[in-house]
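> here's my sequence, what's the structure:
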Amino acid sequence: MSLLVIGSVAFDALETPFGKTDKIIGGSATYGSLSASYFTKNINLVAVVGDDFPAEKIELMQKHGINTEGLQIKKGEKSFFWSGRYHNDMNSRDTLVTELNVLADFDPIIPESYQNCEFLFLGNLTPQIQQIVINRLKNRPRLIVMDTMNFWMEIALDDLHKTLKMVDVLTINDEEARQLSGEYSLVKAAKKIMAMGPQFLIIKKGEHGALLFHKDQAFFCPALPLEEVFDPTGAGDTFAGGFMGYIAKTEDVSFENMKRAIVYGSAMASFCVEKFGTERIVNLTESEITDRVKQFKQLSQIDLELI
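Reported below is the predicted structural model:
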């Protein structure tokens, strides 16, 4: 079933304790659509780049089955660029450079061929743009998943609250959940956030796994202990892409199936952090993904007799 992905397609320059890169491709829509492409080949992309974005990188997305009809290429303009440096714990980072460029006045145009999508992933853009996308769809998708960040909570909270009323699933990290809700306890935070609109809430905890909430139900997926973490950039978007791809493939939006989707999303994110940028997630095999999911399954499988 068709999956519509909205977000940034961009350049990143990264520095971690393991090394640094020059400009490489990044962006929420890049990571999300590439990750989803391992589960469904009916992916439609809406984003904007400048004419400095390499044609071969667009072709790479197309080879993954990603429809780029909705990718605007602005002549004479530059693509969004972000540069950051990660600290030794890889959980915190400093933003060195942010250049909005084409994103500053992005108008998300939805091609006619993208209408009637069943699943929508709203990558991290302004809440106002996320609203515009939903309103421009002729029919509401079966499932709308939205990502956001603390920056929008600080400068666009009213717009964010309006957008939250329009979506089914919100995916944020634990720090953002506490900021949005005003609660330290993630269980209390989840109840407050779901009362704002979304029926489901995913709280990402990085190397400590991910939580899924729905009504009074909760599910926890641990993170896979990895020998090396090179670069956490894009891991959250890769997670969301794997989650959405699995949902689109199975066409099941139940809480039980979302639990499975969380595991697949976590597996995809675990690949992402093993190399810089998108390097690890552009050439995965089906057997690699299957083996990684089995590792996740073994993390929490236990024969336990009550005494």
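
> where do the strands sit along the stretch 201-307 of the chain?
All strands of the stretch 201-307 of the chain, identified by DSSP state E, counting those that start in this stretch, fall at 210-214, 217-221.

> need the helices for this structure, in chain order.
Using DSSP state H, the helices of the chain run over 28-36, 55-63, 127-136, 150-155, 157-164, 174-181, 186-194, 235-250, 255-272, 286-299.

> and Asp216, how many neighbours?
Applying other CB atoms under 10 Å, we find 7 residues neighbouring Asp216. Every residue, glycine included, has its C-beta placed from N, CA and C.

> and what of Tyr38?
Residues near Tyr38, counting by other CB under 10 Å: 24.

> let me see the contact set for the closest residue to His87 other than its chain neighbours.
Nearest residue to His87 in three dimensions, chain neighbours excluded: Arg93, at 6.6 Å (CB to CB, 6 or more residues apart in numbering). Applying CB atoms under 8 Å, 6 or more residues apart in numbering to Arg93 gives the contacts 84-87.

> ChimeraX command for the buried members of those?
Applying 16 or more other CB atoms under 10 Å to the contacts of Arg93, the buried members can be selected in ChimeraX as follows:
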select :84,86
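
> list the contacts for Thr126?
152, 156, 159.

> so who does the second one touch?
This means Ala156. 126-128.

> if you set the cut-off to 10 Å instead, what comes out?
Residues in contact with Ala156, defined by CB atoms under 10 Å, 6 or more residues apart in numbering, are 126-128, 148, 162-163.

> among these, which ones are buried?
126-127, 148, 163.

> go through these and name the one nearest Lys188.
Closest approach to Lys188 among the buried ones among the contacts of Ala156 (CB to CB): Thr148, at 19.4 Å.

> wait, isn't the closest one in contact with Pro127?
Yes - counting by CB atoms under 10 Å, Thr148 touches Pro127, with 6.8 Å between them.

> joint contacts of these two?
In contact with both Thr148 and Pro127: 156, 160, 163-164, using CB under 10 Å, 6+ apart.

> would JSON lines of the residues you listed with pLDDT and distance to Pro17 be doable?
Formatted as JSON lines, the shared contacts of Thr148 and Pro127 follow (pLDDT from 0 to 100; distance: CB to CB, whole Å):
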{"residue": "Ala156", "pLDDT": "96", "distance to Pro17": "33"}
{"residue": "Leu160", "pLDDT": "98", "distance to Pro17": "33"}
{"residue": "Thr163", "pLDDT": "98", "distance to Pro17": "36"}
{"residue": "Leu164", "pLDDT": "98", "distance to Pro17": "36"}
